[in-house]
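Undergrad: Sequence and predicted structure below; questions after.
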Amino acid sequence: VQLAESGGGLVQTGGSLRLSCVASTPNFSLYAMAWFRQVPGQEHEIVAAVTRSGEETYYADSAKGRFTISRDNAKNTVYLQMNGLNAEDTAIYYCAADFRPIQQGLHLNDYEYRYWGQGTRVSVSS
């Protein structure tokens, strides 16, 4: 499975970006999905996760109230709408996927995801 992120860029504090991740699989609805971010020298940090159906979501405390994760299984795409961006959100954002044909539910750890995109850089200037 290949994941292709897009939508990153440079934005001013308080601005918004919408990240997209397209998955190359015909069984996208069987994949748990998440967005992680990473700054140099640090581990992956989960930002948000979504169940296969899209009915349940998880947000890191830093993302609550500002970010929204969603998915369109007909388009093999997961989104991350980011509003109210600040300098602490500057990072490379990664889309992650894992095949979960049986288990519905949220997965919050990076080691639970087998497939990763190349990342898209988000830079927030003050």
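TA: Good, I have the coordinates. Just so it is clear, the structure is predicted and the values come from calculations on it, not from any experiment.

Undergrad: so Ala32 makes contact with Ala48?
TA: No - applying CB atoms under 8 Å as the test, Ala32 and Ala48 come out as separate, 12.0 Å apart. Every residue, glycine included, has its C-beta placed from N, CA and C.

Undergrad: Comparing those two, which shows the higher neighbour count?
TA: For Ala32 versus Ala48, neighbours defined as other CB atoms under 10 Å are more numerous around Ala48 (25 against 20).

Undergrad: In contact with that one, which residues?
TA: Neighbour list for Ala48: Ala34, Trp35, Thr57, Tyr58, Tyr59, Ala60, Ala63, Phe67, Thr68, Ile69, Leu80 [criterion: CB atoms under 8 Å, 6 or more residues apart in numbering].

Undergrad: same thing with Val1?
TA: Ala23, Ser24, Thr25, Tyr31, Ala97, Phe99, Tyr115.

Undergrad: Just the buried ones from those residues?
TA: Ala23, Tyr31, Ala97, Phe99, Tyr115 (16 or more other CB atoms under 10 Å).

Undergrad: how about those residues, which pair is most distant?
TA: Greatest spatial distance in these: Ala23 and Phe99, 10.7 Å, computed using CB to CB.

Undergrad: Overlap of the contact sets of the two?
TA: Shared contacts of Ala23 and Phe99, counting by CB under 8 Å, 6+ apart, come down to Val1, Tyr31.

Undergrad: thought Thr90 was touching Gln38?
TA: No - contact criterion CB under 8 Å: Thr90 and Gln38 do not qualify, at 11.0 Å.

Undergrad: Identify the residues contacting the spatially most central residue of the chain.
TA: Geometric centre of the chain, nearest residue: Trp35, 2.0 Å, by CA atoms, centre = their mean. Shown here is Trp35, whose contacts under the criterion CB under 8 Å, 6+ apart are 19, 21, 46-49, 69, 78, 80, 93-96.
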